[in-house]
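Colleague: A predicted structure for the sequence below; I have some questions about it.
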Amino acid sequence: MKSSKYDAAFVKKNVIGPNSMKIVEEMAESLKLEKGMRVLDPD
């Protein structure tokens, strides 16, 4: 997952709650994306 590449020390220092990026990535795995669809890249 892309979120696993983030600096762990930075994430731990600045965590306010659950890792929202990881949650979004996990939820997106179940989406049926088709050609021509637009996807917001939160990066």
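Modeller: Received, thanks.
Colleague: centroid residue for the protein?
Modeller: By CA atoms, centre = their mean, the mean C-alpha position of the chain lies nearest to M21, the distance being 2.9 Å.
Colleague: Name the nearest residue to that one, sequence neighbours excluded.
Modeller: S3 (4.4 Å; CB to CB, 6 or more residues apart in numbering). All C-beta atoms are positioned from the backbone trio N, CA, C, and that covers glycine.
Colleague: count of neighbours near that neighbour?
Modeller: 14 (other CB atoms under 10 Å).
Colleague: Name the residues of the strand or helix carrying the residue nearest to the centre of the chain that are buried.
Modeller: Element membership of M21 [criterion: DSSP states H and E] is helix 20-28. Buried residues in helix 20-28, defined by neighbour count with 16 or more other CB atoms under 10 Å: M21.
Colleague: can you list contacts of it?
Modeller: M1, K2, S3, Y6, P42 (CB atoms under 8 Å, 6 or more residues apart in numbering).
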